[in-house]
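**Student:** This is the structure alone, sequence omitted:
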């Protein structure tokens, strides 16, 4: 059960504005020396990375069921015990994986993806980074938008932002950190719901 109500905040609006200000044709250079990514990917990375916590040495995430080897910014693909990555390697891993795998999956499962608000797309990509594209595509948050598209209606984005908050458990247990991530964040990190609510 979510602890607090979602609302727009100046810090989340500033995060959105920081991406819009540097976007050229919908693309942003998020990391120096790396290829450009879509603006929604850049916003999702800026939202998700503080929550994930960068780890340059692979570790076993024991909260996940089953436990999974993890590296960089929560990346679980092709990770071996003892693997070490550089900061630039983590930048590339995160940006390219979100751009080439996560975004296309959401574009395929969510109607009119590119016409949805930037903040909502950023929230959904950050959510998918944490729960997987299958979870994000099958979520009530996605269904609210898809149902509206089928009926040629404007989606209830506020309800969609709220619905994403249901993903606040790991290993079958409520986690306050996930509730904060899905909701209004904490003193130093913007929450996904806060981001979404600030741009819809």
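**Tutor:** Nice, thanks for sending it over. Small disclaimer: the values here were computed from a predicted structure and weren't measured.

**Student:** Strand partners (parallel or antiparallel) of the helix or strand of the chain with the lowest mean pLDDT?
**Tutor:** Every helix and strand of the chain was ranked by mean pLDDT, DSSP states H and E. The lowest is strand 169-170, at a mean of 90. Sheet pairing of strand 169-170 (DSSP bridges) gives strand 173-174 (antiparallel).

**Student:** So residue 154, which state does it fall into?
**Tutor:** Three-state call for residue 154 (DSSP: H, G, I helix; E, B strand; the rest coil): coil.

**Student:** Spatially, what comes nearest to it if we skip its sequence neighbours?
**Tutor:** Of all residues not flanking residue 154 in the chain, residue 148 sits nearest, at 6.4 Å (CB to CB, 6 or more residues apart in numbering). To be clear about C-beta, it is placed using only N, CA and C from the backbone, and glycine gets the same treatment.

**Student:** That neighbour contacts residue 159, doesn't it?
**Tutor:** No: between residue 148 and residue 159 there is no contact, the gap being 9.9 Å when judged by CB atoms under 8 Å.

**Student:** So between those two, which is more surrounded?
**Tutor:** residue 148 (18 against 13; other CB atoms under 10 Å).

**Student:** quick one: contacts for residue 15?
**Tutor:** Taking CB atoms under 8 Å, 6 or more residues apart in numbering, we find residue 15 in contact with 43, 46-47, 190, 195.

**Student:** all strands of this protein, in order?
**Tutor:** 27-28, 37-38, 55-61, 68-72, 169-170, 173-174 (DSSP state E).

**Student:** which one of the ones you listed is the most hemmed in?
**Tutor:** Neighbour counts (mean count of other CB atoms under 10 Å) averaged over each of those peak at strand 37-38, with a mean of 23.

**Student:** Can you list the strands that that one pairs with?
**Tutor:** Using DSSP bridges, the strands paired with strand 37-38 are strand 27-28 (antiparallel).

**Student:** low-confidence ranges in this protein?
**Tutor:** For the chain, applying pLDDT under 70 flags the ranges 1-3.

**Student:** Find the residue at the geometric middle of it.
**Tutor:** residue 126 (0.3 Å; CA atoms, centre = their mean).

**Student:** dump the residue contacts of that residue.
**Tutor:** Residue 126 neighbours (CB under 8 Å, 6+ apart): 44, 47-48, 51, 192, 195.

**Student:** Filter those residues down to just the ones in helices.
**Tutor:** Counted as lying in helices by DSSP state H, out of the contacts of residue 126, are 44, 47-48, 51, 192, 195.

**Student:** now those in a markdown table, with distance to residue 38 and neighbour count?
**Tutor:** As requested, the ones in helices among the contacts of residue 126 are exported to a markdown table (distance: CB to CB, whole Å; neighbours: other CB atoms under 10 Å):
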| residue | distance to residue 38 | neighbour count |
| --- | --- | --- |
| 44 | 9 | 31 |
| 47 | 14 | 28 |
| 48 | 15 | 23 |
| 51 | 20 | 22 |
| 192 | 17 | 32 |
| 195 | 16 | 31 |
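
**Student:** number of nearby residues for residue 36?
**Tutor:** For residue 36, the neighbour count with other CB under 10 Å is 17.
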